[in-house]
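Trainee: How does the following fold in three dimensions:
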Amino acid sequence: MTTLKIRIKEVARQKRGWSLYRLAKELGLPQQTVYSWANGRTQPSYDNMDRLCESIGCAVGELFEAEPVQQKLNLVVNSD
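Mentor: Have a look, this model is predicted:
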């Protein structure tokens, strides 16, 4: 079973200019909790995912998209 790594660090920095530490403070959660989500060790609950997206100002899909669709398409085309 693989755990999906959430792009919290990248999206928080891109959208708000926040570090994981700042994000944890904004959410009122322990640093360790947010770092665990970012490193894929744990997953946020649905409630925390909503709070996370609201705080950062992003859609849930932005946190999970690992690579752009165009890049995936190019990999398929180049593999022929």
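Trainee: all strands of the protein, in order?
Mentor: Using DSSP state E, the chain contains no strands.
Trainee: for it, which spans come out with low pLDDT?
Mentor: 1-5, 65-80 (pLDDT under 70).
Trainee: switch to 50 and redo it
Mentor: Across the chain, the ranges flagged by pLDDT under 50 are 1-2.
Trainee: Helices of that one, residue ranges please.
Mentor: 8-16, 20-27, 31-38, 46-56, 60-64, 69-78 (DSSP state H).
Trainee: Isn't residue 7 up against residue 58?
Mentor: No. With contact defined as CB atoms under 8 Å, residue 7 and residue 58 do not form a contacting pair (9.5 Å). The way it works is simple: take the backbone N, C-alpha and C, and place the C-beta from them, glycine included.
Trainee: what sits against the closest residue to residue 59 other than its chain neighbours?
Mentor: In this structure, residue 59 finds its nearest non-sequential neighbour in residue 53, 6.6 Å apart by CB to CB, 6 or more residues apart in numbering. Contact analysis of residue 53 by CB atoms under 8 Å, 6 or more residues apart in numbering lists 59, 60, 63.
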